[in-house]
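# for reference, the sequence and a predicted model appear below.
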Amino acid sequence: MDITVTLPDELVALLLPRGGSPAQAMLEALALEAYRKRRITPYQLRTVLGIPSRYELDGFLKLHGIDDCTPEDFDQDWTVVQKLASSRAASLQKDCCR
């Protein structure tokens with residue numbers, strides 16, 4: 001999807017980082033706001049912004065003043081770990097019993 005945004009010239013310097021890509025700055029601002037409001041997950045934020053690892057995402061979030069992990073974040077991560085472990089165990093059992 002393409003989105004066009006028109007900004008008054010006198011505000012561009014105030015709203016966008018110097019020397020940075022205006023499109024990237026707008027994408028980051030939009031994605032960070034969605035993340036802050038819990039509309040997207042950390043994984044979705046990484047995907048949208050092309051951040052390859054959770055570690056790099058943590059650095060990006062801290063750079064933007066977001067360094068809060070909630071109990072829900074840990075619960076979600078634990079649920080994913082359990083699903084992956086369960087799936088791996090089932091796969092190993094199938095391979096073992098062939």
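Looks like it arrived, so ask away. Fair warning: this is a prediction, and the values are worked out from it, not measured in the lab.
# who's in contact with stretch 53-64?
The contact list for stretch 53-64 (CB atoms under 8 Å, 6 or more residues apart in numbering) reads Glu28, Leu32, Tyr35, Pro42, Leu45, Arg46, Leu49, Ile51, Asp67. All C-beta atoms are positioned from the backbone trio N, CA, C, and that covers glycine.
# hmm, try it at 10 Å
Outside stretch 53-64, the residues that touch it by CB atoms under 10 Å, 6 or more residues apart in numbering are 28-29, 32, 35-36, 42-43, 45-46, 49, 51, 66-69, 77.
# for the record, mean pLDDT for that stretch?
The pLDDT scores in stretch 53-64 average 91.
# hang on, the earlier thing: need the max-distance pair from the contacts of stretch 53-64.
Using CB to CB, the contacts of stretch 53-64 reach their maximum pairwise distance at Ala29 and Asp77, which is 25.5 Å.
# is it true that Leu32 touches Arg39?
No: at 11.1 Å, Leu32 does not count as touching Arg39 under the criterion of CB atoms under 10 Å.
# who has more neighbours, the two?
Leu32 (19 against 10; other CB atoms under 10 Å).
# domain-wise, how is this structure divided?
Under automatic domain parsing, the residue ranges defining each domain of the chain are 1-67, 69-98.
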